[in-house]
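Undergrad: when you get a sec, could you give me coordinates for this:
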Amino acid sequence: MVQSPDAHPESLGRSIDRVKTGVHPCKQCGFFSEAELCPLCLDPARDPHILCVVEQPTDILPLERSGAFHGLYHALGGKISPLDHVGPEALRIPALLQRLKEHPPQEVILALGADVEGEATAHYIADLLSAYPLKISRLAQGLPAGAGLEYADQLTLSRALTGRTSLAST
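TA: I've put the predicted structure just below:
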């Protein structure tokens, strides 16, 4: 940037400043927004009966790029991590429970990481949500597309075997 005569570092600086002052969390889901509600929450084409809970707002981006999910989202703002001094009270769990009371979905998908903290957070939320009349599900886990068995760890292989699907009945 310093050596290029076409670089405009001032423009980049102004853009970063505009993002810092103009973009904030959506009041409803926690995603990035310039208004009170983000475009995803305002989209009438989205299915309000399915709510996908993610750890961070940035986790919404790959789900949207996949084109496979058309429901609504809720970003927790992290995951339970006692070693990092992050308890449930530090997350957007109360906002999730309030949202379920006001607009109860039929299903909540817990799209949280497969690490220890993500699993703990998923179990904690599943326990809280067991009081609600809704389906609670988790993203499937297993082998990534294009990967061979020789590169998979034991936990991934175990989950892939446990969550296998039938291709044909005999």
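Undergrad: strands of the protein, residue ranges please.
TA: 24-25, 32-33, 47-54, 71-75, 107-111, 135-138 (DSSP state E).
Undergrad: in CSV, list these along with mean pLDDT and mean neighbour count.
TA: C-beta coordinates here come from the backbone N, C-alpha and C atoms, glycine included. Converted to CSV, those look like this (pLDDT from 0 to 100; neighbours: other Cβ atoms under 10 Å):
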stretch, mean pLDDT, mean neighbour count
strand 24-25, 90, 14
strand 32-33, 92, 20
strand 47-54, 96, 19
strand 71-75, 97, 23
strand 107-111, 95, 20
strand 135-138, 94, 15
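Undergrad: dump those strands to CSV, plus distance to residue 16.
TA: Shown next, in CSV, are those (distance: least, Cβ to Cβ, whole Å):
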stretch, distance to residue 16
strand 24-25, 15
strand 32-33, 14
strand 47-54, 25
strand 71-75, 22
strand 107-111, 29
strand 135-138, 37
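Undergrad: buried residues, stretch 72-90. List them.
TA: 72-77, 79-81, 86 (16 or more other Cβ atoms under 10 Å).
Undergrad: now do residue 112 against residue 68, distance only.
TA: Going from residue 112 to residue 68 by Cβ to Cβ, to the nearest Å gives 17 Å.
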